[in-house]
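Q: Quick one: sequence plus predicted model below, questions after.
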Amino acid sequence: MNRISLKFSIMITSVALAAMLAGMWLAATYRENDSRAMLLPDRVMTLFPDPKPLTAFVLTDHQNRVFDLASLKGKWSFLFFGFTHCPDVCPATLAILARARDNIAKNPVGAEDVQFVFISVDPNRDTAGKLGQYVTHFHASFLGVTGDDAQIGNLAGQLGAAYEVSITPGMENYPVYHTVAVFLVDPRARYHAVFTPPLDAEVIRKRFKVLRELAGAKAT
């Protein structure tokens, strides 16, 4: 097994274990709060009882605006790492997230405090113009974000988002390996939860609804 395959095998195993443990915690939380049994438990969303505050980073969105820690505050942010040359996983995931966003918008609370951000780990090819065209194809509200390798790595490292770009001189279609998880950051810029495949738009809406209600109850 090569180095990249080993890295991603370890990552997938770790995510699966975390999801199982978090599912047990989430089930207990629902029981304590007398929540509906139909939401117990699940392997899709890993919810952290003590959200992790993120630290400073600086990226740029597809409209050439700064996207930094302040950009995450005041909104629930769904973050997905990928690249525009991705042949299958990225477009499929963004299509699901677009449906999830529309489903969330139908809730009474709405989606005014929700943003979906596609973070390109391939800044060598993904210019602001290309990112903008790509993400808005899936939903007009989506943001495309990228930056230099150090800052992308900074944010990815805080979330545990594994990726590797294998640039080969003279090769335009070089491979990029990245996690398929969707990371959720709360309005206080804290890493609050992660969604892992199989992803489903309506399941994401339901889990997010419960999470937002739990967060609101804790704040009061």
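A: The structure has been received and is ready for your questions. Residues are numbered from 1 along each chain as shown.

Q: dump the residue contacts of residue 195.
A: Contact analysis of residue 195 by Cβ atoms under 8 Å, 6 or more residues apart in numbering lists 44, 45, 46, 181, 182, 183, 184, 204, 207. For every residue, glycine as well, the C-beta is placed using N, CA and C.

Q: switch to 10 Å and redo it
A: Going by Cβ atoms under 10 Å, 6 or more residues apart in numbering, residue 195 touches 19, 42, 44-46, 78, 80, 93, 96-97, 100, 180-184, 203-204, 207-208.

Q: all strands of this protein, in order?
A: If DSSP state E is used as the criterion, the strands of the chain fall at 45-53, 58-61, 66-68, 76-82, 114-120, 143-146, 163-165, 176-178, 182-185, 190-195.

Q: helices and strands around the first one, which ones?
A: Translated: strand 45-53. With contacts defined as 3 or more Cβ pairs under 10 Å, 6 or more residues apart in numbering; DSSP states H and E, the packing partners of strand 45-53 are helix 3-32, helix 149-159, strand 182-185, strand 190-195, helix 201-219.

Q: pLDDT at residue 197, what is it?
A: Listed pLDDT for residue 197 reads 92.

Q: again with residue 44
A: Looking at residue 44, its pLDDT is 83.

Q: farthest residue from the center of this protein?
A: What lies farthest from the middle of the chain is residue 170; by Cα atoms, centre = their mean that is 31.8 Å.

Q: residues contacting the residue nearest to residue 208 when sequence neighbours are not counted?
A: Excluding the flanking residues, the one nearest residue 208 by Cβ to Cβ, 6 or more residues apart in numbering is residue 104, at 6.3 Å. With contact set as Cβ under 10 Å, 6+ apart, residue 104 has these partners: 76, 78, 110-111, 113-114, 116, 201, 204-205, 208-209, 212.

Q: gap between residue 104 and residue 73?
A: Residue 104 is 19 Å from residue 73, where distance means Cβ to Cβ, to the nearest Å.

Q: now do residue 157
A: 20 Å.
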